[in-house]
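In: Could you look at this predicted model? Sequence included:
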Amino acid sequence: MLSLKSLLAIAVYGALSVAAQGTASIGTVVCGSNTYTKKQIEEATAEGCRLQGSPIGTNNYPHRFNNREGLILATSGPFQEFPIVRNGNYTGGNPGADRIIFNPNVKGVCTYIDAMTHTEAPTRNGFVLCTTRTEGRPGNSPSSSSSVIPTSSSTSSSTATGTSSTASPSSSSSAQKIGAQGAALALMAWAFVL
């Protein structure tokens, strides 16, 4: 039988996991020297979701993101990656350094998970997470959040062609991007101490 503390910890973790599924608090996302607005993130995610099963460009975007870097993300996969560019949506050609990560089927909905970049990655073709700043809180610390993009879900499982990343996680980026999972674990540990 579960104790009251265990139930509280499970409830808190569940609430934080669900809270991670939405862009209500996203202000901007900073990838290297590029800053993207909430609208740009949502538009890139919607385009990646729309193109499921009909990839574009020489690297066939969107394609599977295997997370070989061990990036700490707000939810589980399968993940797809799609380029995010400063002006409009990616239409083929050079994808640049920045990508959005999405899950094409979180409870039947295509969902933004996070953003990542090759900029300052520890290895060639590796990725590090971008910094997400929450809306309405100047000077706040970086956090991670997700966005639900209402589209019909597709469970196609395209594989990445072209370059793949094999970087091991950077201790500084892993520690920096704990996000909702880290907060939930801290609260669970606190609940067990009580």
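Out: On my side now, so go ahead.

In: This protein: strands as residue ranges?
Out: 26-31, 34-37, 63-65, 79-83, 98-106, 109-117, 128-129, 131-134, 147-149 (DSSP state E).

In: Do me a favour and get the end-to-end distance for stretch 79-90?
Out: By CA to CA, to the nearest Å, the extent of stretch 79-90 from end to end equals 18 Å.

In: what's that stretch in contact with?
Out: The contact list for stretch 79-90, computed with CB atoms under 8 Å, 6 or more residues apart in numbering, reads 31, 34, 36, 40-41, 43-45, 47-48, 51-52, 56-57, 61-67, 73, 95-96, 98-104, 113, 115-116, 158, 160. In this view, the C-beta of every residue, glycine as well, is placed from N, C-alpha and C.

In: mind redoing it with 6 Å?
Out: 34, 36, 44, 47-48, 61-62, 65, 95-96, 98-104 (CB atoms under 6 Å, 6 or more residues apart in numbering).

In: Any buried residues in that stretch, and which?
Out: 79, 80, 81, 82, 83, 84, 85, 89, 90 (16 or more other CB atoms under 10 Å).

In: need the least confident one among the strands of the chain, by mean pLDDT.
Out: The minimum mean pLDDT among these belongs to strand 147-149 (a mean of 48).
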